[in-house]
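S.K.: let's see this in three dimensions:
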Amino acid sequence: MANGKYIKNRNEWRKSYPIGIPRRPPVIITETKLGVDGNTYTSTFDLNNVIRHRDKYELLGDPFDITNLLGEYDEDLIHFNNESYKSFNYNFTFSSNPTVVYSQYIPDSTQPNTENINIYGISRNASGGVVALSAPYSGTIRYRAAYAPSYPSYFTGTLASIAPTAGVFIASVDREVPDNQSFVTASWATLASVSPIPFKSPYDDNSNFDGNVALTTKYATLNSSGEVVEISAPMSSSIYILAVQ
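M.R.: Purely as a prediction, here's the structure:
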């Protein structure tokens, strides 16, 4: 006769074998992202196995080194000794023709009444340029030359830099050609600053003999992407602008 304890509550006597957590079918996703080096990268994930994932990028070189993001920039002083024009060379050769602008720096104290001069470009290329003045002048003129494949771009000033182009800075450029007008609306790639500093220079690059003019910003027109430039006399040659943030 069978023992009654094996007849009652048979489930209590059943052997059980642990089989672990039931396996779930994979959930596969594929993502394609643009890396910081400009290449695209594709990654595949099983969401049942990956708790957390990040976008995949490839960093080349030192991630804190921005030199590979910089445009080409040069600035220096041009010295005049009772001269009204001068050719000069940059401190290096640009990979392409840069935007070049000029500003008066320090007049010679022994030559009074030479502060009020117009400065205008005659020509420029990848290695240097020619700058002219409205009257003979003794002292120094500062040039700023910048080139980048796209704008706005980061630049870094040379050892001769003074604010606002000392160290690393951001800038955009523009070229406008008035049609015998005394004003022109300039526009450049938008900067973050609502009030950038626009360095601007007229050029006599069309041999019209009309580059000898003064340029000023029309009141309350300067913004992050442009300004209205007032010209002291009608002109039909180029105006180049370097807007610095």
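S.K.: longest strand in this structure, please.
M.R.: strand 128-147 (DSSP state E).
S.K.: buried residues in that strand, which are they?
M.R.: 128-129, 131-133, 137, 139, 141-147 (16 or more other CB atoms under 10 Å). Quick note: C-beta positions are derived from backbone N, CA and C, even for glycine.
S.K.: quick one: strands adjacent to it?
M.R.: Next to strand 128-147 in the sheet, as set by DSSP bridges, lie strand 72-89 (antiparallel), strand 99-107 (antiparallel), strand 119-124 (antiparallel).
S.K.: for the buried residues of strand 128-147, give me JSON lines that also has distance to N208 and pLDDT.
M.R.: Formatted as JSON lines, those follow (distance: CB to CB, whole Å; pLDDT from 0 to 100):
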{"residue": "G128", "distance to N208": "23", "pLDDT": "98"}
{"residue": "G129", "distance to N208": "18", "pLDDT": "97"}
{"residue": "V131", "distance to N208": "17", "pLDDT": "98"}
{"residue": "A132", "distance to N208": "13", "pLDDT": "97"}
{"residue": "L133", "distance to N208": "18", "pLDDT": "95"}
{"residue": "Y137", "distance to N208": "22", "pLDDT": "90"}
{"residue": "G139", "distance to N208": "27", "pLDDT": "89"}
{"residue": "I141", "distance to N208": "22", "pLDDT": "93"}
{"residue": "R142", "distance to N208": "26", "pLDDT": "94"}
{"residue": "Y143", "distance to N208": "22", "pLDDT": "96"}
{"residue": "R144", "distance to N208": "24", "pLDDT": "96"}
{"residue": "A145", "distance to N208": "23", "pLDDT": "97"}
{"residue": "A146", "distance to N208": "25", "pLDDT": "97"}
{"residue": "Y147", "distance to N208": "25", "pLDDT": "98"}
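S.K.: let me know the closest of these to N82.
M.R.: Closest approach to N82 among those (CB to CB): Y137, at 7.3 Å.
S.K.: I'd say the closest one and S84 touch.
M.R.: Yes - Y137 is within contact range of S84, at 6.9 Å (criterion: CB atoms under 8 Å).
S.K.: mind listing what the residue nearest in space to the middle of the chain touches?
M.R.: Nearest to the geometric centre of the chain sits S153, at 0.9 Å (CA atoms, centre = their mean). Neighbouring residues of S153 by CB atoms under 8 Å, 6 or more residues apart in numbering: 69-71, 146, 170-172.
S.K.: and for V228?
M.R.: Here V228 is in contact with 183-186, 217-218, 221 (criterion: CB under 8 Å, 6+ apart).
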